[in-house]
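[1] Mind looking at a prediction? Sequence and model below.
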Amino acid sequence: MTANQIARKSVQSLRTLMTGAQDQSSIRLNANEAPDSHRSPDDSLGLNRYPEIRPSGLRAKLAELYDVSSDNLLVTRGSSEGIDILIRAFCRPGQDSLITLPPTFELYGYFGQIQDAETISVPLSPAADFALNANAVLDACTDETKLIFICSPNNPTGNIATYRDIANIATAREGQSIVVVDEAYIEFSQQNSLAANIDAHENLVVLRTLSKAYALAGARCGAVIADETVIDILAKVLPPFSFSTPAVTYVLQALGEVGLAAAEAGIARIVAERERLLHALDNIRCVERIWPSHGNFILFQLADQPAVLAHLKSRGILVLGYGDQPGLKNCARITIGSPSENDAFLATLKDFETSVMKKPSG
Ligand SMILES: Cc1ncc(COP(=O)(O)O)c(C=O)c1O
């Protein structure tokens, strides 16, 4: 069975959406658009016209950025949309399941629930530094498991899954499940993207995003990278014209030479700040445990998590706290901010120690 056949039958049989001719020089009376812009006679973006059904220029630019062929890439509104369309394309409501490895990004299970696809959890253990256990993943698969989500670097634990483990899972599940590697944070790590390995596994999907390392969360731009058969299936599910003309124009501009150099410098700054924070947190008494991170965030465990988070909040500093979520008891995740924001965070933790934490008696 090919990756195409793993998809829902109703999706397989959809025709691929096409538009009529959209060239600028023709008299365009074929798309029920307004003939001109009402805003100003020189509306240079031409917003009265539909954008391309799929943004071909942006697709080519992202393919170049991620070093893959355009045929292997679908542009999505953030990688969130990639997760959504994967689940809608491959999981039959009420019948199929997906696997997630908690603690991890919650949208996999969230979109799964919308689709009425069961989420099977294969927990990562804090005792094993949240390492992926490929055998446990394979043991949890059933005949109805269509998607396996692996986040690497993992949000919020910050660790990386090895290509060997992912390749073992993809090989063992060939023809049965799609293995999705979410690389939202890969630019902050030293790890190579698995986008380079899609030729070796028809059922391997890689998700990328411009929201993190490229500092473009507001533009909503991501990419699904996979074998052409998978891309063609997903293209049937993605709504037409989903990328607005201003978004395409803006992102293309942001990915020019200047923008890319700025992104590279930004990544280096975040990584340097991450290492500084890791070191500084080591010397703060209310922090009980810190996990190394390959992302733009750090997971740490606190002696009195609610009190520390309340203290930070009272000083206008927000970090993400976890309740009793398995594996994350008393944990919090800080996103690496600017040097001054990080300094404010550290100073507030120190202040908590001196002003709120009880001094050891004796
Ligand atoms: C692991 C992971 N994947 C995907 C996303 C979604 O990002 P976006 O939709 O902005 O690309 C996030 C956002 O926090 C994330 O942490």
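    Done, it's in.

[2] Which residues of the stretch 1-150 of the chain lie near the ligand?
    Neighbours of the ligand within the stretch 1-150 of the chain, by CB under 6 Å from any ligand atom: 78-80, 105. All C-beta spots, glycine's among them, are computed from the backbone N, C-alpha and C.

[3] out of the residues you listed, which are inside helices?
    The members of these that map onto helices under DSSP state H are 78-80.

[4] Now for the residues of the stretch 1-150 of the chain next to the ligand: which two are most distant?
    The two members of these with the most space between them (CB to CB) are G78 and F105, at 12.1 Å.

[5] So for whichever strand or helix holds V230, what gets flagged as buried?
    The secondary structure element spanning V230 is helix 228-237 (assigned by DSSP states H and E). For helix 228-237, a neighbour-count test (16 or more other CB atoms under 10 Å) marks 229-237 as buried.

[6] Could you point out the helix or strand that follows it?
    Counting by DSSP H and E, the next helix or strand C-terminal to helix 228-237 is helix 245-254.

[7] ok, and the most crowded of the residues of the stretch 1-150 of the chain next to the ligand?
    Comparing these by number of neighbours (other CB atoms under 10 Å), S79 comes first, having 26 neighbours.

[8] Now render the ones in helices among the residues of the stretch 1-150 of the chain next to the ligand as a markdown table, adding pLDDT.
    Below are those laid out as a markdown table (pLDDT from 0 to 100):
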| residue | pLDDT |
| --- | --- |
| G78 | 98 |
| S79 | 98 |
| S80 | 98 |
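
[9] can you pull the contacts of the closest residue to D143 other than its chain neighbours?
    Here the nearest residue to D143 in space, its sequence neighbours aside, is Q176; by CB to CB, 6 or more residues apart in numbering that works out to 7.4 Å. Listed by CB atoms under 8 Å, 6 or more residues apart in numbering, the contact partners of Q176 are 1, 6, 141, 143, 145-146.

[10] In CSV, list those along with secondary structure and neighbour count.
    Below are these laid out as CSV (DSSP: H, G, I helix; E, B strand; the rest coil; neighbours: other CB atoms under 10 Å):
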residue, secondary structure, neighbour count
M1, coil, 9
I6, helix, 25
C141, coil, 19
D143, coil, 9
T145, strand, 22
K146, strand, 25
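
[11] quick one: contacts for the nearest residue to I290 once chain neighbours are set aside?
    Spatial nearest neighbour of I290, excluding adjacent residues (CB to CB, 6+ apart): F300 at 4.6 Å. With contact taken as CB under 8 Å, 6+ apart, F300 is in contact with 281, 287-291, 331-334.
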